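Q: Return a 3D structure for these sequence lines:
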Amino acid sequence: MINAERCPPLSTPVAWVPPQPFPAQTVTERLLLRFWQPSDSDAMLSALDADRTSFLPWLHWVSNDNRTSQECASSIERQREKRERIDPPADDFTLGVFDRNSGLALGGTGLHRLNLASHEAEIGYWIRADRRRSGLCTEAVAGLISWAFTPQSRGGWGLRRLHIRCASSNHASRRVPQKLNLRHEATLVADRWVDSIGWDDTLVWGVLVHEWNIELRAVEPLQAT
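A: Purely as a prediction, here's the structure:
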C-alpha cells in the first residue's frame, strides 16, 4: 500500500505559452512550412483554385471565403491577429506549406484549438488538388509534429501532445495519421453531419512527445504498429 503522506502531491502543470519570438519556419526534404504572409495572397488563391470543388464536402470555407486575392489577404491578416492575440492567449497558428525549391504554395496546415493547460494541439491539413497522391501531406504533417515537439529553446513549439481528427468517410485525410503510425484513440460514432453523406463518425489519432522521434520525423520504432 502506498503511504500517501510520503508521496508529495504533483504540482499543477504550468499552462503552455507561445514561444517568443515565434519559430520562423521548418523544412523537410521537399517542403517549407511557415506562416502565410500578405504577399502570399495570390499564391494561396492559386493553390485553392487548382480544384476548389475537390475540398468539398470536408472544407466548407472554400465555398464562401478565400475566393479572391483580397479575401485571401483578409484571411492571412486574421491568422496574424489570432496568433498575436494576448488576451485571451493565442491558441491557433495557421501555416502555409510551400515547395522548398520553387516556393510554390502547395497547401496549408497548422496547430489549432490549443489546450494550453495540457500543452496539446490539433493538426489540420490540406494540399492543392494538382499535387496530391505524392506523399506531400504526410511529409508536411510529419515535419509539423517534429517542429511542434521540439523544445522552444531549440526553435520549436514545445508541445507535449498532438492529435488529428477527421470524418470517417474522408479516406484521403485518414490515410495521413495511418501512414504515420499514430495511435487511433477514438471513434466518435455519428457525431458530425457531412453534406451529401449524412451523419458520419469522427476518427481521432494522437501522439505524445516521448512517442515521437523528432530527428527521424516518425513514431519511435517500439511504438510503431
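Q: Which helix or which strand is home to residue 181?
A: Under DSSP states H and E, no helix or strand contains residue 181.
Q: Could I get the pLDDT score of it?
A: We have a pLDDT of 97 for residue 181.
Q: Could you pull up phi and psi at it?
A: phi 60, psi 30 (degrees, to the nearest 10).
Q: Against residue 194, how distant is it?
A: Separation of residue 181 from residue 194 (C-beta to C-beta, to the nearest Å) stands at 26 Å. Glycine gets a C-beta too; all of them are placed from N, C-alpha and C.
Q: now do residue 58
A: 8 Å.
Q: okay, and the common contacts of those two?
A: residue 167 (C-beta atoms under 8 Å, 6 or more residues apart in numbering).
Q: For the closest residue to residue 15 other than its chain neighbours, grab phi and psi.
A: Excluding the flanking residues, the one nearest residue 15 by C-beta to C-beta, 6 or more residues apart in numbering is residue 116, at 4.4 Å. Backbone torsions for residue 116, taken as degrees, to the nearest 10, come to phi -60, psi -30.
Q: Now do the contacts for residue 116.
A: 15-17, 89, 91.
Q: cutoff 10 Å now
A: If you count contacts by C-beta atoms under 10 Å, 6 or more residues apart in numbering, residue 116 has them with 13-18, 88-91.
Q: pretty sure residue 18 contacts residue 119?
A: No. Counting by C-beta atoms under 10 Å, residue 18 does not reach residue 119; the two are 11.4 Å apart.
Q: Now for those two: what residues contact both?
A: Counting by C-beta under 10 Å, 6+ apart, the residues touching both residue 18 and residue 119 are 157-158.
Q: Identify the bridge partners of the residue nearest to the spatial centre of the chain.
A: Closest to where the C-alpha atoms of the chain average out (C-alpha atoms, centre = their mean) is residue 123, at 2.4 Å. Beta bridges link residue 123 to residue 111 when assigned by DSSP bridges.
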